[in-house]
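[1] any chance you could fold what I've pasted below:
(one chain, ligands or ions: 1)
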Amino acid sequence: MLNESRKNRMKKIIIAVSLIFVAGIIYPQQKNHKWIPVEIKNAWARPGSKEASSAIYFSVINKNGKADTLLNVKSRIAEKTELHESFRKSNDRIGMRQVKFVPVPANSKTEFEPGGSHVMLVNLFKDLNSGSSIEATLNFKYSGKIKIKPVVEDK
Ligand SMILES: [Cu+2]
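    Predicted coordinates:
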């Protein structure tokens with residue numbers, strides 16, 4: 001009798017552990033399957049001279065029902081690649097400052113544009129002339145690394 005109830009208890013424990021296992025395997029797969037990497041459009045960069053600064057601009061299209069975050073950007077074209085936001089100073093001029101990340105809301109088109117968020121290229125290693133293109137890698141929290149080739153344009 002005692003033996004029988006012990007067996008039943010063991011059975012229940014085995015079933016419970018198996019269910020936790022199965023849930024753990026299925027859930028992350030569904031999450032990955034549903035995520036559509038964000039799309040980058042109209043990437044361009046401002047012309048600039050060696051040892052000066054420039055900026056990269058683009059649109060981020062997020063078709064997911066969940067926000068993503070641009071964490072950082074890498075490029076070999078400059079000493080530093082920073083995420084910046086623009087803000088209105090007290091004298092009504094536009095200033096800019098470094099931010100740690102830029103949120104990309106769910107189901108949205110987020111513009112990185114002059115007077116708004118942008119990627120700052122600090123201390124260019126060479127001149128950026130109109131018509132040429134550069135390479136950069138955007139690193140998103142959920143979409144991962146996305147390579148872009150902004151065209152240098154004098155807009
Ligand atoms: Cu800036």
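[2] show me what from this protein comes close to the ion.
    For the chain, the contact set with the ion under C-beta under 5 Å from the ion comprises H84, M96, M120. All C-beta spots, glycine's among them, are computed from the backbone N, C-alpha and C.
[3] neighbour-wise, which one of the residues you listed leads?
    Of all these, H84 has the most neighbours under the rule other C-beta atoms under 10 Å, reaching 19 neighbours.
[4] that residue is in contact with Q98, isn't it?
    Yes: counting by C-beta atoms under 8 Å, H84 does reach Q98; the two are 5.8 Å apart.
[5] what residues are shared contacts of the two?
    Common neighbours of H84 and Q98, using C-beta atoms under 8 Å, 6 or more residues apart in numbering, are M120.
[6] which SS class is I15?
    The three-state label given to I15 by DSSP: H, G, I helix; E, B strand; the rest coil is helix.
[7] I'd like to know how many residues surround it.
    10.
[8] and for F101?
    If you count neighbours by other C-beta under 10 Å, F101 ends up with 13.
[9] before we move on, back to that, name the nearest of the residues of the chain next to the ion relative to P103.
    H84 (14.5 Å; C-beta to C-beta).
[10] looking at this, that closest one is in a strand?
    Yes: H84 sits within a strand when classified using three-state DSSP.
[11] which ones are touching it?
    By C-beta under 8 Å, 6+ apart, the residues touching H84 are A55, M96, R97, Q98, V99, S117, H118, V119, M120.
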